[in-house]
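Enquirer: everything below, folded, please.
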Amino acid sequence: MIKFKFITFTLLLFCLHLVIARESPTATYESQPTLVCRPFGECEPCPDDALHEPFCQPFGNRRLMHCSAPDPDPIHTWYPHSTSTSLPVPSKGETPAWQSCGRIPAQERRDFYEFVGCNLFFATTSLVVALLRSRLMEARQARRLAARIGLVRGSGLDTR
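Expert: Residues are numbered from 1 along each chain as shown. Okay, here's the model as predicted:
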């Protein structure tokens, strides 16, 4: 009996939620004009004072966009891509905006070569230090052995 009441109560709450959701006004954005944005320029690193902005996330790069109201009577063609290679002429009422963009290949390439260069430097330095240390240890061990078997001359020690 308790199980039946629980299921009935749950169904009633669900129906009530649907009724309330249907009657609540939803935000409409029909009054706001829609903008069409076109990229203008290449991706560039964000300045230090703008790194906290959303358009600089997640990689710290941004691209300038030109946004304007859409053409009231656009020309529709069956080909989805533009066939002209000329740059678009800016029209009146364009608003500049920023868009987040991915990584910049030239900057990533520089960072990679810097990383490889640093690794080569550290590897070379480590090998030189290890080689010098091993030679030093070999010389020290040879001196100890020579002193132990009495090959050292002029030391004044006779270990026999």
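Enquirer: for the rest of this, base every contact and every neighbour count on C-alpha atoms.
Expert: Fine.
Enquirer: can you show me the strands along the protein?
Expert: 36-39, 44-45, 61-68, 95-100 (DSSP state E).
Enquirer: list the buried residues in stretch 44-52.
Expert: For stretch 44-52, the neighbour count (16 or more other C-alpha atoms under 10 Å) marks Glu44, Pro45, Cys46, Leu51 as buried.
Enquirer: for that stretch, what does the pLDDT average out to?
Expert: Averaging pLDDT along stretch 44-52 gives 85.
Enquirer: and it, end to end?
Expert: Using C-alpha to C-alpha, to the nearest Å, one end of stretch 44-52 lies 15 Å from the other.
Enquirer: what of stretch 40-47?
Expert: For stretch 40-47, the first-to-last residue distance is 18 Å (C-alpha to C-alpha).
Enquirer: in terms of distance to Ile149, which of the buried residues of stretch 44-52 ranks first?
Expert: Checking the buried residues of stretch 44-52 against Ile149 with C-alpha to C-alpha, the nearest one is Pro45 at 69.1 Å.
Enquirer: ok, the nearest residue to that closest one once chain neighbours are set aside - contacts?
Expert: Nearest non-adjacent residue to Pro45, counting by C-alpha to C-alpha, 6 or more residues apart in numbering: Asn61, 4.3 Å away. Contacts for Asn61 (C-alpha atoms under 8 Å, 6 or more residues apart in numbering) come out as Cys43, Glu44, Pro45, Cys46, Phe55, Ser100, Cys101, Gly102, Arg103, Ile104.
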